[in-house]
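Asker: All I have is the shape, not the residue letters:
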C-alpha cells in the first residue's frame, strides 16, 4: 500500500489525467486544442502569468509539505485545510494588530501563522498518540471545527473589520498593515517573497529528512513504529512532531494567502488548498522535492485556468486534472499492472 | 409553544433526511471495513445528476433514481480501486471529492452558463390522511417521500445488519476478514455490497438536497454534509440507528439555532456549528462515552497476508 511512487509512474499518472480531462471537453462542446493553448498561455505566457503560477505553486507546495512530512512518519494528515485556516486568521490578526517595521512584521506574522497551524496539527498528533484517535478522522473533524470557529466565529465576531461608517460593512477582517504585506520581488507581477520562502522550506525539509538524525528517526517510525520504539526512538513524540512541523507548513500557506494575495481574511476562504495539498503531496511521492515538482506543474495549469474563462470553460478545470491525477496515483497498481502486460520482457529484466 | 415544537419538528424532518441517508451509508461501508470519505463527492454527484435527470424527464422521482445511480456509479469506482486493487482508501476518497468538486462546477457552468441548474419539479409533498388536526403529530404530514424514506431506511439497515445472516457477515468482514474468508465466503463481494450501499445512499442524500430541500442544484451542494455524515456516524458509534439518530440530532440543533436566531436569541454561531465535530472528537478520545471503529476499518484485505 505504501510502495514508493516512482517518478516515471507519477508522470504517467498526470499525463493520463490530462488526456482524460481534455478528452471530456468535447462533451461540453469545447475544443481541447484551444483549451490547451489557453492553459499554457495563461500559465507560462509572459511575466504576469509566470508570477501567478509561482504564487499558486508556492501555496500548493506548503500545503503539500503538510501532508508529506507526517506521511514519512506514517501519519495521514488530511487536516491541512483547517491548519491553513488557523495560519491565515493568525496572519490576518497579527498583520493588522502589530505595529512593527517590515523587517519584523513579516517574520512575526509568519511565525505566528506557523505556530497556530502547527498547534492545530499537534492536537491531532496528540489525540493519536495519547488517546488512540485515528488521525484521518480527527483531522477531518478538526478541519470543520477550525472552519466554523474562524469563519462563523472570529471573522464575523471579535476580528470583524470595524467600519467607521455603519452603513458600509466591510466583510472579513481588517486589512493588514503595509509593513506586513509580502513584498513583490518581480515588478509588474504578483510574485512575492512567499515564493522563495516556500521553496526554501521545501529544501530545508528535504535536507532534514535525508541528512539529520531527527529525519532518520521520523522515517524509521514511518517504516515501523514498533521496531523504532524497540530501537529506542521516541516514536510517539516523533509522530506528534511530524504533525506539528507539517501543519506549521500549512499555517505558512495560510499566511502566504493572507499576507501575499488577499491582504486580510475574507468572509470565506473558498479555495480548498489544504485538500489540493493532499493531491500534490501524493503525486509528488510524498517527498519535499517531489512535492515541489508537482506543485510547480499544478501551479502553472491552475494559473492558466483563469485564461480558460475566455473559452467558456470554468477556471476550475485544472482542478479536475488534479483530482484525476490523484485517482491515477491511488490506483497506480493498475498502471503498474498494465505496464507489465505491455512490457513483459522489461519486467523480467528488472527482476534479474 | 405547541406551534414552536411543530415548526421545529417540521424543519428537522425536512433538513435531516439527506444527512441521515449519507450517515447510514457511512455506517454500512465502514462496518464492512472500507473507509469512504468520498461521501461528499458522491452526494454532490447525486445532487447534480438528480437535478439533471429531473429536468430531462420532468419527473422528480426519476430524478431521485438518477441521483442514486450517480452515487452508486462512483462507489463502484471506489470499491474497485479499494477492494480489487487495494488502493489507499483515504486517497481514493479524497480524489473522488476533488474530482466531483471541480468536475461538477465545470459541467454545470458549461451546460447552463451559471453556477446552478434551472428549477426542476421538486418532489411533491405527501399528506398523510388523518394527521392534519392531531397536535404535534400533524408535523409528520406534508413532507416529500425522502422524509419517509429517511424514517424507514435506518430501521431497515439496522435490521439487516443485526438480524440477518448477511449483516453478521458484513460486520465480520469489518472486524476480521480472514475469518470470513476461512469460512469460504467472499470478502470482496461483501465489502462491495457495503461500499455500493453507501454510494447509493449518499446519491439519494444528494438528490434529496436538489429535489426535496430545493428544486435545483447549486454549486455549494452538498455543503459539507458528506463530512458531517461521517461525524454523525462516529457520534452514532458506527450503527445505522445511532448514525441516523445523530444526523437527526444535528439537523435538529441546526433548526433550533436558526429558530433561535429568528426569535432574536443570538447563540454563538461558530461554536454552535463546531459543536457536533467537537463532541465527536471528545467521544473518540474517550472523554465522553467511547466510540470505537470496526477493527479492520480501512484495512485492505490481502488473502495472502497473515
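Answerer: Looks like it came in fine. As the structure is a prediction and not an experimental result, all values here were calculated from the model.

Asker: tell me the average confidence for the host helix or strand of residue B:149?
Answerer: Here residue B:149 is covered by helix B:145-163, with elements defined by DSSP states H and E. Helix B:145-163 shows a mean pLDDT of 96 in the predicted model.

Asker: what residue ranges in the chain score low on pLDDT?
Answerer: By default, I'm working from chain A. Along chain A, the model assigns pLDDT under 70 to residues A:1-4, A:163-170, A:344-352.

Asker: try chain B instead
Answerer: B:289, B:306.

Asker: where exactly do the helices run in it?
Answerer: In chain B, the helices defined using DSSP state H lie at B:2-31, B:39-57, B:60-79, B:89-112, B:145-163, B:165-175, B:177-182, B:187-208, B:225-235, B:240-262, B:269-284.

Asker: Include distance to chain A and mean neighbour count when you put the ones you listed into JSON lines, please.
Answerer: Heads up, the C-betas are built off the backbone N, CA and C, glycines and all. Putting these into JSON lines (distance: least, C-beta to the nearest C-beta, whole Å; neighbours: other C-beta atoms under 10 Å in any protein chain shown) gives the following:
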{"stretch": "helix B:2-31", "distance to chain A": "10", "mean neighbour count": "24"}
{"stretch": "helix B:39-57", "distance to chain A": "9", "mean neighbour count": "29"}
{"stretch": "helix B:60-79", "distance to chain A": "8", "mean neighbour count": "24"}
{"stretch": "helix B:89-112", "distance to chain A": "3", "mean neighbour count": "23"}
{"stretch": "helix B:145-163", "distance to chain A": "21", "mean neighbour count": "18"}
{"stretch": "helix B:165-175", "distance to chain A": "15", "mean neighbour count": "19"}
{"stretch": "helix B:177-182", "distance to chain A": "15", "mean neighbour count": "17"}
{"stretch": "helix B:187-208", "distance to chain A": "15", "mean neighbour count": "27"}
{"stretch": "helix B:225-235", "distance to chain A": "6", "mean neighbour count": "29"}
{"stretch": "helix B:240-262", "distance to chain A": "11", "mean neighbour count": "20"}
{"stretch": "helix B:269-284", "distance to chain A": "2", "mean neighbour count": "21"}
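
Asker: so which of those gets nearest residue A:108?
Answerer: Across those, residue A:108 has its closest neighbour in helix B:269-284 (25.7 Å, C-beta to C-beta).

Asker: Which other helices and strands does the closest one contact?
Answerer: helix A:102-131, helix A:135-149, helix B:225-235, helix B:240-262 (3 or more C-beta pairs under 8 Å, 6 or more residues apart in numbering or on different chains; DSSP states H and E).

Asker: contact partners of stretch B:131-142?
Answerer: The set of residues external to stretch B:131-142 that reach it, using C-beta atoms under 8 Å, 6 or more residues apart in numbering or on different chains, is B:2, B:5-7, B:9-10, B:13, B:125-128.

Asker: repeat that for 10 Å
Answerer: B:2, B:5-14, B:125-130, B:147-148, B:151 (C-beta atoms under 10 Å, 6 or more residues apart in numbering or on different chains).

Asker: Now that stretch: buried residues?
Answerer: Within stretch B:131-142, the residues scored as buried using 16 or more other C-beta atoms under 10 Å in any protein chain shown are B:138-142.

Asker: Show the end-to-end separation of it, please.
Answerer: One end of stretch B:131-142 sits 10 Å from the other (C-alpha to C-alpha, to the nearest Å).

Asker: For chain B, give me its nearest residue in chain A.
Answerer: residue A:153 (2.4 Å; C-beta to the nearest C-beta).

Asker: pretty sure that residue is touching residue B:275, no?
Answerer: No. Counting by C-beta atoms under 10 Å, residue A:153 sits too far from residue B:275 to count as a contact (11.7 Å).

Asker: Now the common contact residues for the two.
Answerer: With C-beta under 10 Å, 6+ apart, residue A:153 and residue B:275 have common neighbours residue B:268.

Asker: who's in contact with residue A:263?
Answerer: With C-beta under 10 Å, 6+ apart, residue A:263 has these contacts: A:92, A:95-96, A:172-176, A:178, A:180-181.

Asker: hmm, try it at 6 Å
Answerer: Contact analysis of residue A:263 by C-beta atoms under 6 Å, 6 or more residues apart in numbering or on different chains lists A:175-176.

Asker: coming back round to it: quick one: the helix holding residue B:149 to chain centroid distance?
Answerer: 12 Å (C-alpha atoms, centre = their mean, to the nearest Å).

Asker: Please enumerate residues in contact with that helix?
Answerer: Under C-beta under 6 Å, 6+ apart, the answer for helix B:145-163 is B:13, B:17, B:20, B:24, B:167, B:208, B:212, B:240-241, B:244.

Asker: what's the most distant pair in these?
Answerer: So, the contacts of helix B:145-163 by C-beta to C-beta: farthest apart are B:167 and B:212, at 28.4 Å.

Asker: I figured residue A:133 was touching residue B:285, is that so?
Answerer: Yes. Using C-beta atoms under 6 Å, residue A:133 is in contact with residue B:285, at 5.4 Å.

Asker: So those two - more neighbours on which side?
Answerer: residue A:133 (23 against 17; other C-beta atoms under 10 Å in any protein chain shown).

Asker: coming back round to it: now do the residue of chain A closest to chain B against residue A:160, distance only.
Answerer: 10 Å (C-beta to C-beta, to the nearest Å).

Asker: neighbour count winner among the two?
Answerer: Using other C-beta under 10 Å as the criterion, residue A:153 and residue A:160 rank with residue A:153 on top: 20 against 17.

Asker: For the more buried one, give me its contacts.
Answerer: Going by C-beta under 6 Å, 6+ apart, the list of residues near residue A:153 reads residue B:270.

Asker: a strand runs through it, doesn't it?
Answerer: No. Counting by DSSP: H, G, I helix; E, B strand; the rest coil, residue A:153 is located in no strand; its state is helix.

Asker: Up against chain B, what does chain A have?
Answerer: Listed as neighbours of chain B in chain A under the rule C-beta under 6 Å from any C-beta of the partner chain: A:1, A:28, A:76, A:127, A:131, A:133, A:136, A:140-141, A:144-145, A:148-149, A:152-153, A:278, A:282, A:314, A:316-317, A:319-320, A:323, A:326-327, A:330-331, A:333-334.

Asker: Which among those count as buried?
Answerer: By 16+ other C-beta under 10 Å, the residues of chain A next to chain B give A:76, A:127, A:133, A:136, A:140-141, A:144-145, A:148-149, A:152-153, A:278, A:282, A:314, A:316-317, A:319-320, A:323, A:326-327, A:330-331 as buried.
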